[in-house]
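Visitor: Sharing a model prediction with you, sequence too.
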Amino acid sequence: GIFDLVNEFAGYGFNKSHAAAYAMITFRTAYLKALHTTEFLAAIMSLDLANVEKLAQFYQEAKRMDVEIVPPCINRSQADFDVEDGAVLYALGALKNVGLEAMRHLVDVREAGGPFVSVNDFARRIDMRQVNKRAIENLARAGAFDCVEPNRAMVLKNASLIQNIGTLAAKERDSAQVSLFGDATVEVKDPDLEWTEPWSQMESLGHELGAVGFYLGGHPLDEHMDKLSGVMLAERLEDAGAGNYSVAGVVMKKQERVSKRGKRFAFVELSDPTGDYEILFSENVLSAHRDKLVAGSIIAVQVKAEKNEGETRLFADGVRMLTGMSESPEAEKMQSAPAGLTIRLRRADIETLDELKATLESLRNTPYQMSGYIELIIPLNEKREAAWRLDGRWAIDPSIRKAIKANSAVETISEIAA
C-alpha cells in the first residue's frame, strides 16, 4: 500500500535530495573561492563576525591563499569585513567588546568629516555615548589607532582622558552658546595625552590577542622560526602520517580532566604562525611538565601522531621551553620567581575595581613565563584598609607589572616572596 511506497522512498529519497543540494552549494562556493577569492573570504568572515574560532581559521586560510588581511584601522577599516585593493580589511566590529553599531557610528563620522588626524580629533568627533571606554581600549590594543598614534600603550593608558575629551566636546556642541568674542573663533586646547613607555613586541602581541582573539599582526613564534627547521607546523599536521614529530607553539589554553579510572590528563591547545592544534597529555607527561603548560608559554613538544578515520591525533611525549630557560639568565629569574604580587590602590570605588579587573583579565591572554597569586590592598578611610586575594593564578612578569602600573588607580606594586 501507500505505507510500503513511503517506506521504500525513505531509504534513498532524503539522501538523494540532500546530496544534490549540497553538490550545488559545493560547486558554487568552489567557483567563488577560486575566481573571487578575496571577496569570498571577506563574505564568509562577515557571516561569522562574532565567532573568533572561525575567524582564526579563515585568517589562516587567507594566509595559505596569499590573500592579505589588513589589520583593524580607524581610518581604513569598515565596521564589517570589506575588500580594498585586493585585500580583506579586518572588521572593526569583529574586535572584542567594541560593538558593531558603535563601529558603524565611527565609520559614519569618518565618512562625513574625513579621516581622523589625531587621537584628540577622534575623541572630539566621536559620540562617546556610543563608543565607550572599553571600546577605545580594545581599539588601542588591536592597533586600530596606529595610523594616528603608534604608541598603543599610551592610547590605552589615556582611554579615560580620550573619553572625557569627547564628552566635553559634545557638551560644547550641544550648548550652542554664542562666544563672548562675537564671531571670533576660540580654539579650546585639548589636554595632552600622558606619555608612557611603548610596549615590547611580545606585549603588543599579547594585547592584540586579547582584543582580536588570535594573533593577527604577527606571532610570538616568528622570532624563533630560524630554530624550527625540523619542527612540524600546524598547516602540515593534518597531512602528516602516523609517527613521531617535534612541534612548537604558544600555549593558548589547557583543559585538565579526570578519566573514569581516576587518572588526570589534559588537552593543550598550541598556536604557531600557521594555525592552532591540540595535543593530548597523559597523566605521566602532564605531571612532569605541568609547570610549562601555562597560557603564554612558548614550548617545543615531542609528539606521537596517530591516524584514525582520516583524523590526526597528537599525544605528548616530552616538553621543553623553546626560550631555552635552562641555558639563559632568565632561568635564574624563574627559579627565584616571587609567589605573587601585592597591588596597592589609591582609591576604592566600583569604577576603579572594574577597570583593574578588566586590565587583569586582559593580561591573562598575554604571553608570560611567571605566574602567581595577586593580593589587593584597598584603602577604606584614612586609617583603615582591606586586603583581598584574587582567585586563581595570574601573570606576574615584569613586563605585565608595567601594564598593571599604567592603571591610574594603582599606587604601588610589590613582590610577595616565594
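Guide: Thanks, I have it. Residues are numbered from 1 along each chain as shown.

Visitor: Tell me which stretches of the stretch 101-250 of the chain form strands.
Guide: Under the criterion DSSP state E, counting those that start in this stretch, strands of the stretch 101-250 of the chain are mapped to 243-258.

Visitor: Helices of that one, start to end?
Guide: Residue ranges of the helices in the stretch 101-250 of the chain, as given by DSSP state H, counting those that start in this stretch, are 119-125, 133-141, 152-157, 159-175, 201-212, 234-237.

Visitor: Save those helices as TSV, and put in distance to Gly113 and mean pLDDT too.
Guide: Every residue, glycine included, has its C-beta placed from N, CA and C. Shown next, in TSV, are these (distance: least, Cβ to Cβ, whole Å; pLDDT from 0 to 100):
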stretch	distance to Gly113	mean pLDDT
helix 119-125	6	95
helix 133-141	18	95
helix 152-157	20	95
helix 159-175	13	88
helix 201-212	25	89
helix 234-237	43	87
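
Visitor: Looking at the ones you listed, which is nearest to Ile378?
Guide: When the helices of the stretch 101-250 of the chain are compared by Cβ to Cβ, helix 159-175 sits nearest Ile378, at 19.3 Å.

Visitor: Can you pull the phi/psi pair for Thr312?
Guide: phi -100, psi 130 (degrees, to the nearest 10).

Visitor: any idea how far Met232 is from it?
Guide: With distances taken as Cβ to Cβ, to the nearest Å, Thr312 is found 10 Å from Met232.

Visitor: Secondary structure class of the closest residue to Trp388 other than its chain neighbours, three-state.
Guide: Nearest non-adjacent residue to Trp388, counting by Cβ to Cβ, 6 or more residues apart in numbering: Leu376, 4.8 Å away. Here Leu376 is recorded as strand under DSSP: H, G, I helix; E, B strand; the rest coil.

Visitor: residues near Leu376, how many?
Guide: Number of residues near Leu376 (other Cβ atoms under 10 Å) recorded here: 20.

Visitor: For it, give me its contacts.
Guide: 342-343, 345, 356, 387-390 (Cβ atoms under 8 Å, 6 or more residues apart in numbering).

Visitor: Give the next helix or strand downstream of the helix or strand bottoming out on mean pLDDT in the chain.
Guide: Least confident helix or strand of the chain, by mean pLDDT, DSSP states H and E, is helix 330-335 with a mean of 37. Per DSSP states H and E, the first helix or strand lying C-terminal to helix 330-335 is strand 340-345.

Visitor: Using CSV, write out every CA atom in that following strand.
Guide: Extracted in CSV, the C-alpha atoms of strand 340-345 (Å, rounded to 0.1, in the frame of the first residue of the first chain):
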residue,chain,number,x,y,z
GLY,A,340,52.8,36.7,43.8
LEU,A,341,52.2,40.4,43.8
THR,A,342,50.6,42.9,46.2
ILE,A,343,48.8,45.7,44.4
ARG,A,344,48.0,48.8,46.5
LEU,A,345,45.3,51.1,45.2
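
Visitor: For Ala62, what are phi and psi?
Guide: phi -60, psi -40.

Visitor: Phi and psi next, for Asp317.
Guide: The phi/psi pair for Asp317 (degrees, to the nearest 10) reads phi -110, psi -30.

Visitor: quick one, what contacts it?
Guide: 244, 285, 301-304.

Visitor: now do Ala316
Guide: Contacts here follow Cβ under 8 Å, 6+ apart; on that basis Ala316 touches 268, 279-282, 285, 289, 301-303.

Visitor: Could you report the distance from the residue most central in space within the chain to Gly218?
Guide: The C-alpha lying nearest the average C-alpha coordinate of the chain belongs to Leu209 (Cα atoms, centre = their mean; 2.3 Å). Counting by Cβ to Cβ, the separation of Leu209 from Gly218 is 10 Å.

Visitor: And Asn158, by the same measure?
Guide: 24 Å.

Visitor: Same question for Lys253.
Guide: Going from Lys253 to Gly218 by Cβ to Cβ gives 20 Å.

Visitor: that older thread, can you tell me which of the helices of the stretch 101-250 of the chain is nearest to Leu32?
Guide: That would be helix 234-237 among those, by Cβ to Cβ, at 22.6 Å.

Visitor: On the three-state scheme, Val319 is what?
Guide: At Val319 the chain is in strand, as set by three-state DSSP.

Visitor: Beta-bridge partners for it, please?
Guide: Beta bridges link Val319 to Val301, judged by DSSP bridges.

Visitor: Check it and give its pLDDT.
Guide: Looking at Val319, its pLDDT is 92.

Visitor: dump the residue contacts of it.
Guide: Contacts for Val319 (Cβ under 8 Å, 6+ apart) come out as 285, 288-289, 292-293, 299-302.

Visitor: So, low pLDDT: which residues of the stretch 251-400 of the chain?
Guide: 323-338, 364-369, 399 (pLDDT under 70).

Visitor: Helices of that one, start to end?
Guide: 283-289, 330-335, 350-363, 398-405.

Visitor: In the first one, which residues are buried?
Guide: Along helix 283-289, the positions that meet the burial threshold by neighbour count (16 or more other Cβ atoms under 10 Å) are 285-286, 289.

Visitor: Kindly report the same for stretch 157-174.
Guide: Buried residues in stretch 157-174 (16+ other Cβ under 10 Å): 157-159, 161-166, 168-170.

Visitor: Specify which member of those is nearest to Lys227.
Guide: For the buried residues of stretch 157-174, the nearest to Lys227 is Lys157 (34.7 Å; Cβ to Cβ).

Visitor: Isn't the closest one up against Trp199?
Guide: No: using Cβ atoms under 8 Å as the test, Lys157 is too far from Trp199 to be in contact (10.8 Å).

Visitor: returning to that earlier point: now the buried members of the contacts of Asp317.
Guide: Applying 16+ other Cβ under 10 Å to the contacts of Asp317, the neighbour count classes 285, 301, 303 as buried.

Visitor: one step back: now distance to Gln60 too, for the helices of the stretch 101-250 of the chain, in TSV please.
Guide: Listed next are the helices of the stretch 101-250 of the chain as TSV, based on distance: least, Cβ to Cβ, whole Å:
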stretch	distance to Gln60
helix 119-125	32
helix 133-141	21
helix 152-157	24
helix 159-175	31
helix 201-212	14
helix 234-237	7
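
Visitor: which one of those helices lies closest to Phe27?
Guide: Once these are compared by Cβ to Cβ, helix 234-237 is nearest, at 25.9 Å.
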